[in-house]
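1. build me a model from this:
(chains A, B, C, D, E and F)
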Protein chains: 6
Amino acid sequence: MKTFTHLDSDNQPSMVDVSEKAITKRTAIAQSIVVLTDEIMANFQDGDLKTKKGSVIQTAVIAGTMGAKKTSELIPLCHPLGLDSCKFSTEIVGNEVIITCTCSLTAKTGVEMEALTGVSIAALTIYDMCKAFSHDITIKETKLIAKTGGKSDYKL
Amino acid sequence: MKTFTHLDSDNQPSMVDVSEKAITKRTAIAQSIVVLTDEIMANFQDGDLKTKKGSVIQTAVIAGTMGAKKTSELIPLCHPLGLDSCKFSTEIVGNEVIITCTCSLTAKTGVEMEALTGVSIAALTIYDMCKAFSHDITIKETKLIAKTGGKSDYKL
Amino acid sequence: MKTFTHLDSDNQPSMVDVSEKAITKRTAIAQSIVVLTDEIMANFQDGDLKTKKGSVIQTAVIAGTMGAKKTSELIPLCHPLGLDSCKFSTEIVGNEVIITCTCSLTAKTGVEMEALTGVSIAALTIYDMCKAFSHDITIKETKLIAKTGGKSDYKL
Amino acid sequence: MKTFTHLDSDNQPSMVDVSEKAITKRTAIAQSIVVLTDEIMANFQDGDLKTKKGSVIQTAVIAGTMGAKKTSELIPLCHPLGLDSCKFSTEIVGNEVIITCTCSLTAKTGVEMEALTGVSIAALTIYDMCKAFSHDITIKETKLIAKTGGKSDYKL
Amino acid sequence: MKTFTHLDSDNQPSMVDVSEKAITKRTAIAQSIVVLTDEIMANFQDGDLKTKKGSVIQTAVIAGTMGAKKTSELIPLCHPLGLDSCKFSTEIVGNEVIITCTCSLTAKTGVEMEALTGVSIAALTIYDMCKAFSHDITIKETKLIAKTGGKSDYKL
Amino acid sequence: MKTFTHLDSDNQPSMVDVSEKAITKRTAIAQSIVVLTDEIMANFQDGDLKTKKGSVIQTAVIAGTMGAKKTSELIPLCHPLGLDSCKFSTEIVGNEVIITCTCSLTAKTGVEMEALTGVSIAALTIYDMCKAFSHDITIKETKLIAKTGGKSDYKL
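-> Sure thing, here's the model as predicted:
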């Protein structure tokens, strides 16, 4: 039966005990979408804006990578984990910046929260870099796309 | 004219110089919505679930408060700031947990990113606490609701 | 012969080299006791205070869990370690809140400092949550209760 | 009437709003006592042990200073604050190492938790440096000695 | 008379008490030089290498900015400070990447260590990004170029 | 063919995927040299200066150890790693303090950046401890001395 694994029998928050779990290769892919305004998109695309866009995206990717590494500091009941890999890709479709983060690790527990934290921090960084134009920016649809290697795989 | 204030004349990422800005009271309100599954909602509402829901929300609020304090560590070009106040409220409407964070500070620069980071980390924590049931959870519509005290106010 | 393993031959502080040590399952249990005033206990026990007490304890447990994960950042010569498990229990006896933290990890070195740091941060958090009533609060008897899995076991 | 200032009207943990509080010079003095075993004391006092003791104490003082600076990262509802001063003194009486930390800051809120966190981390560091001899070490009586500059002064 | 201000009368490390110091605008400029190999320079300058070089430099600038913000966490006796500004410029002369960081803040104490930490972390990041080619990389001449606003100005 | 392993095919910064790499014992030795002024050296060597020098060096060693543990937080694309060992030695030759840091770990990737970050933070700490005398201090020649256990060994 499914249950809140992060609550103990007294409903007190509690880290899951993974000491008896198998060490397997775990992967997780998460995605976040930042919706920018027309004005910001125009400035992304104008003149030397290829460079501007590049700098914004690159700053976000670096922040997202560093954010993924900080997951267990940010999410109270996450286990402190390493990461074997943390990759970002970004795509711009219309006014949307689609950020994808893929994490992997050979460990006793999965890296979903690492991938989700990575895209969230990358999305917040894009917000921060563009907010001088407008605060009409929305981070929408942060979600898990797929994960493998745990008790059960997941695919959106 | 508006511009990417976080890029210098060479389009290199660069912290904004706020040394000449006025010290005023700044506030910002941000919101994030986590969409849970029917199964999770049922477990939130069953039997002693009031307590379960309470523990999940409370863990999220604490994580969000600590996350807001970490904003300048996470977002590369954010100024290191204190916070005079950081308040959360949560509301459950249907399958949605609506998280609101209000930050304030008397300073040279605003606290929008602190409020946005706060709700994002709180939302990720709810995800983490509920993911044993399902990964069909989405964090949607993280956005700024209002801000006051800077060059211009904002209200959604 | 026993020695200060954290000092080198010049008495300079120095991390112990554990590269040749066996990887075994390590556990440690630590305890800290916070002595509150009558007034705080009365407010814990009055009216809806069950909830107040619950919120204070829960905040402390979350802080303690996050604190245990930060041990190697706080204690200069501690090895950076993961944690397979970090559980808290709390009991109130008279005016005393007794906090117990149990950590475990399969690693080359023990997790005593993680358990001790966990209870210490939890105890400080209870202090912080209650200090509006009085500063006549004492954190007493932070100590190790038991450990297993290293060169020698320990039991109080 | 006194109340749990860190709980809101729904008993949810919540940072106190200090935005309207006066900026005054705040000081706080906290103390923690570490009780060592006879064997550890003997090794502190033997031969060149003056140096050994010195290294242990010095490592603890540095860890305590760095820990005091991390207070708002560790204690969930503490405001992020600077520090104008953070001084340690240590005294050895019998088997006890008495650690005192004095913090000061001109700010809207006090630095009690900084001083208490400082002595706690220093005490844990002494534990860590001496535990190769024995785990029969107790950190006893961590408490506030005095504070000035807030709504009311305190003196033990 | 000059003295080790970070040692107290017992030669114990101790944060300087700045509570009585004047709040003035402080600036500091630091520089670090990374000497790369011919092979790395050739790969920087080949084909689309402008982009490669750009990505390496940009990653270093972001890391340096984030590193400057972490100064008081890294250097034991540094006061926890904000920053009003933190700017980087980079220049390539022969095989050398010259990194300059300018920090400013209106505060009771200077920001030399912030500027020096910023360039050091940026330099280490360039090392990390290029080390797949060769470890014959040297970080040379990290030093302060100028500072203003404290008891005495400094200019190299 | 050698390449910028930290840039992906679009020249975007990207953590190297080490999931398929062998777990071997890795060591790295790095060195940094701090050049002090005559006046600082004289104060190091005067009267009870042995103790002053000792306190400065010891603070630097502790800061360097803690800095090495923070490497993956500071250098954007470094993998989060543990450390089995992190040792410092220091030597004074003329006006130069020569700091050496040796790190080791059994892992999928090397610890060069840990050793280099360790000596850099130790060097910055010596700067900080001595800068009340003069800012004419230079950190020169931070470099790798040797590494073993990876794809290829390195020796200066």
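2. in chain A, what residue comes closest to chain D?
-> In chain A, no residue comes nearer to chain D than residue A:73, which is 8.7 Å away by Cβ to the nearest Cβ. C-beta: built from backbone N, CA, C; applies to glycine.
3. between the two ends of stretch A:61-80, how far is it?
-> End-to-end distance for stretch A:61-80: 22 Å, by Cα to Cα, to the nearest Å.
4. near chain E, which residues of chain A?
-> A:54-55, A:58-59, A:62-63, A:66 (Cβ under 8 Å from any Cβ of the partner chain).
5. chain A: strands as residue ranges?
-> Per DSSP state E, chain A carries strands over the ranges A:24-35, A:85-93, A:96-107, A:138-148, A:154-155.
6. still on that earlier bit, count the residues that sit near the residue of chain A closest to chain D.
-> Using other Cβ atoms under 10 Å in any protein chain shown, the number of residues around residue A:73 comes to 22.
7. any buried residues in the longest helix along chain A, and which?
-> For chain A, the longest helix by residue count, based on DSSP state H, is helix A:49-69. Using 16 or more other Cβ atoms under 10 Å in any protein chain shown as the test for burial, helix A:49-69 gives A:49, A:52-69.
8. what about that helix, distance to the chain center?
-> 13 Å (Cα atoms, centre = their mean, to the nearest Å).
9. wait, does that helix make contact with chain F?
-> Yes. Counting by Cβ under 8 Å from any Cβ, chain F is contacted by helix A:49-69 at A:57-58, A:61-62, A:65-66, A:69.
10. now for those, which pair is the farthest apart?
-> A:57 and A:69 (19.1 Å; Cβ to Cβ).
11. per-residue confidence for the closest residue to chain E within chain A?
-> Proximity of chain A to chain E (Cβ to the nearest Cβ) peaks at residue A:62, 5.1 Å away. Per-residue confidence at residue A:62 stands at 97 (pLDDT).
12. I'd like the distance between it and residue A:69.
-> Residue A:62 sits 11 Å away from residue A:69, going by Cβ to Cβ, to the nearest Å.
13. quick one: low-confidence parts of chain A?
-> Residue ranges of chain A with pLDDT under 70: A:1, A:45-51.
14. near chain F, which residues of it?
-> Counting by Cβ under 8 Å from any Cβ, chain A sits next to chain F at A:25, A:57-58, A:61-62, A:65-66, A:69-70, A:81-88, A:104-106.
15. mind listing what residue A:37 touches?
-> Applying Cβ atoms under 8 Å, 6 or more residues apart in numbering or on different chains, we find residue A:37 in contact with A:95, A:133-134, A:136-137.
16. on that earlier part again, can you put the strands of chain A in CSV and add distance to chain B and mean neighbour count?
-> Output for those, formatted as CSV (distance: least, Cβ to the nearest Cβ, whole Å; neighbours: other Cβ atoms under 10 Å in any protein chain shown):
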stretch, distance to chain B, mean neighbour count
strand A:24-35, 8, 22
strand A:85-93, 14, 18
strand A:96-107, 13, 22
strand A:138-148, 4, 21
strand A:154-155, 5, 14
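17. residue F:114 is nearest to which of these?
-> strand A:85-93 (18.2 Å).
18. orientation of the closest one relative to strand A:24-35 in degrees?
-> 30 degrees (axes from the mean of the first three to the mean of the last three Cα atoms, to 10 degrees).
19. give the contact list for residue A:117.
-> Counted by Cβ under 8 Å, 6+ apart, residue A:117 has contacts A:67-68, A:70-71, A:74-75, B:124.
20. measure residue A:85 to residue D:92 for me?
-> 50 Å.
21. and if you look at residue A:134?
-> For residue A:134 relative to residue D:92 (Cβ to Cβ), the value is 62 Å.
22. hmm, back to that, near chain B too, which of the buried residues of helix A:49-69?
-> Among the buried residues of helix A:49-69, chain B is touched by A:52, A:54-56, A:58-59, A:62-63, A:66-67 when using Cβ under 8 Å from any Cβ.
23. dump the residue contacts of the residue lying closest to residue A:53 once chain neighbours are set aside.
-> Nearest in space to residue A:53, with sequence neighbours left out and distances taken as Cβ to Cβ, 6 or more residues apart in numbering or on different chains, is residue A:44 at 4.3 Å. Taking Cβ under 8 Å, 6+ apart as the criterion, residue A:44 is in contact with A:36, A:52-53, A:56, A:92.
24. and if you look at residue A:91?
-> Contacts of residue A:91 (Cβ under 8 Å, 6+ apart): A:97-98, A:100.
25. ditto for residue A:132
-> So residue A:132 contacts B:2-6 (Cβ under 8 Å, 6+ apart).
26. kindly reformat those as a markdown table containing distance to residue A:32.
-> Formatted as a markdown table, the contacts of residue A:132 follow (distance: Cβ to Cβ, whole Å):
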| residue | distance to residue A:32 |
| --- | --- |
| B:2 | 24 |
| B:3 | 25 |
| B:4 | 20 |
| B:5 | 23 |
| B:6 | 19 |
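27. the residues you listed, buried ones only, as a ChimeraX selection?
-> Buried residues among the contacts of residue A:132 (16+ other Cβ under 10 Å), as a ChimeraX selection:
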select /B:4,5,6
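28. let me know the closest of the contacts of residue A:132 to chain C.
-> Nearest member of the contacts of residue A:132 to chain C, counting by Cβ to the nearest Cβ, is residue B:6, at 28.8 Å.
29. how near is that closest one to chain A?
-> 5 Å (Cβ to the nearest Cβ, to the nearest Å).
30. surely that residue touches residue B:17?
-> No. If you go by Cβ atoms under 8 Å, residue B:6 and residue B:17 don't touch, sitting 11.4 Å apart.
31. identify the residue nearest residue A:19 in space, chain neighbours excluded?
-> residue C:84 (4.0 Å).
32. surely the one you found and residue C:114 touch.
-> No. Between residue C:84 and residue C:114 there is no contact under Cβ under 8 Å: 10.9 Å.
33. out of those two, which sits in the busier spot?
-> residue C:114 (28 against 24).
34. wait, that one touches residue C:107, no?
-> No. Contact between residue C:114 and residue C:107 fails when scored by Cβ under 8 Å: they sit 10.5 Å apart.
35. what residues are shared contacts of the two?
-> residue C:81.
36. quick revisit: for PyMOL, what selects the buried ones among the contacts of residue A:37?
-> With 16+ other Cβ under 10 Å as the criterion, this PyMOL line picks the buried residues out of the contacts of residue A:37:
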select buried, chain A and resi 133+136+137
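37. ok, the residue nearest to residue A:61 when sequence neighbours are not counted - contacts?
-> Nearest in space to residue A:61, with sequence neighbours left out and distances taken as Cβ to Cβ, 6+ apart, is residue A:88 at 4.5 Å. Contact analysis of residue A:88 by Cβ under 8 Å, 6+ apart lists A:61, A:64-65, A:99-102, A:118, A:122, F:12, F:14.
38. ok, 7 Å please
-> Residue A:88 is in contact with A:61, A:64-65, A:99-101, A:122, counting by Cβ atoms under 7 Å, 6 or more residues apart in numbering or on different chains.
39. return the set of residues that bridge with residue A:89.
-> For residue A:89, the beta-bridge partners are residue A:100 (DSSP bridges).
40. just checking, it touches residue A:100?
-> Yes. Using Cβ atoms under 7 Å, residue A:89 is in contact with residue A:100, at 4.9 Å.
41. with that, I have no additional questions.
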